[in-house]
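Q: pasting the sequence and the predicted model now:
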There are 2 protein chains.
Amino acid sequence: MPTLSKRFSIAEVAERTGLTTHTLRYYETSGLMLHEIERASSTHRRYSERDVSWVVFLTRLRSTSMPIAQVKQYVELAREGDITSPDRLELLLRHRISVFAQLAELQHSLAAIDHKISLYSEKVASA
Amino acid sequence: MPTLSKRFSIAEVAERTGLTTHTLRYYETSGLMLHEIERASSTHRRYSERDVSWVVFLTRLRSTSMPIAQVKQYVELAREGDITSPDRLELLLRHRISVFAQLAELQHSLAAIDHKISLYSEKVASA
DNA sequence: GCTTGACTTGAAGCGCACTCGAAGTTTTAG
DNA sequence: CTAAAACTTCGAGTGCGCTTCAAGTCAAGC
């Protein structure tokens, strides 16, 4: 049962993910794709649904400041097969903690900014 | 009534703020300090309480990804005096919106990561 | 079947925010 | 007074994550 789902050009994937075609190629050559991207008749990339889904998740990791190198580590584990599931789980759990720390810091800084804003609001209102 | 409060060496400020002495000098030469830093007898910097408080707030702006250039803009407004209070308020309000966007994106990505974690948890548990 | 726009690779370049190095000066502890 | 530790300036270097360039090759519409 071969996968008959639609394939996407690099431009379509860029459109769907908000990345540029440059960045998509950069990610691929940096070893961040889980699977090799198919090539149409010759050289042009054809992304599968699975590839696109992975790119989407990848952008979630990146937008939470996971470094490229760590994404790569995750990918390398994934390519080793199911045996590394616990390792990938652990990697994600560790990353989750870092995301919580980022949230906490952001909220802490927001409070400081809000405080400053309240001072300015008074000042400006009474002027 | 001259300010008689304690002064701090650059190393002490580094200690208190978590920045390096390099970064503190870099911020100063980049025009990010509100006031000129005093110099002890000759050349060594002596930070006042006010200077340290500003550095602390500055790190809050930076930790919410305000670019150096925008911090500088804020500082330049501040140096023009009270007349620019509304401008600084507006700058902070705009930045506040960006912080909310950052929080939202972080939370969105966290949800995606949590979802993936739950898939892995099942997989690993049933192995 | 030809043109036009999309795609290809590989290497170099860029922007940001530090970070480090060198060489010299100043402070402080003993 | 001296020696070690801390400080100074200024310019160059670093790391990350793209981004752009050059010089093509390919594919889709007319």
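A: Structure received.
Q: give me the neighbour count for residue A:92.
A: Residues lying near residue A:92 (other Cβ atoms under 10 Å in any protein chain shown) number 19. Where C-beta positions appear, they are placed from N, C-alpha and C, glycine not excepted.
Q: close to DNA strand C: what parts of chain A are there?
A: Within reach of DNA strand C by Cβ under 7 Å from any atom of the strand, chain A has these residues: A:9-12, A:21, A:25, A:29, A:43-45.
Q: all strands for chain A, in order.
A: A:38-40, A:44-46 (DSSP state E).
Q: check which residues of stretch A:46-62 are buried.
A: Neighbour-count burial for stretch A:46-62, counted by 16 or more other Cβ atoms under 10 Å in any protein chain shown, picks out A:46-48, A:51-52, A:54-55, A:57-62.
Q: in TSV, list these along with pLDDT.
A: Formatted as TSV, these follow (pLDDT from 0 to 100):
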residue	pLDDT
A:46	95
A:47	96
A:48	96
A:51	97
A:52	97
A:54	98
A:55	98
A:57	98
A:58	98
A:59	98
A:60	98
A:61	98
A:62	98
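Q: with distance to DNA strand D added, can I get the strands of chain A in a markdown table?
A: Formatted as a markdown table, the strands of chain A follow (distance: least, Cβ to the nearest atom of the strand, whole Å):
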| stretch | distance to DNA strand D |
| --- | --- |
| strand A:38-40 | 5 |
| strand A:44-46 | 5 |
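Q: tell me the one of the buried residues of stretch A:46-62 nearest chain B?
A: Nearest to chain B out of these is residue A:60 (Cβ to the nearest Cβ; 4.2 Å).
Q: pretty sure that closest one sits against residue B:105.
A: No - at 9.3 Å, residue A:60 does not count as touching residue B:105 under the criterion of Cβ atoms under 8 Å.
Q: which one of the buried residues of stretch A:46-62 sits closest to DNA strand C?
A: residue A:46 (8.0 Å; Cβ to the nearest atom of the strand).
Q: just give the closest residue to that closest one, not the sequence neighbours.
A: residue A:7 (3.9 Å; Cβ to Cβ, 6 or more residues apart in numbering or on different chains).
Q: the worst-scoring helix or strand of chain A on mean pLDDT: partners in the sheet, and parallel or antiparallel?
A: Taking mean pLDDT, DSSP states H and E as the measure, chain A has strand A:38-40 as its least confident helix or strand, at a mean of 90. Next to strand A:38-40 in the sheet, as set by DSSP bridges, lie strand A:44-46 (antiparallel).
Q: what sits up against the strand it pairs with?
A: Contact with strand A:44-46 is made by A:7-10, A:28, A:37-40, as judged by Cβ atoms under 8 Å, 6 or more residues apart in numbering or on different chains.
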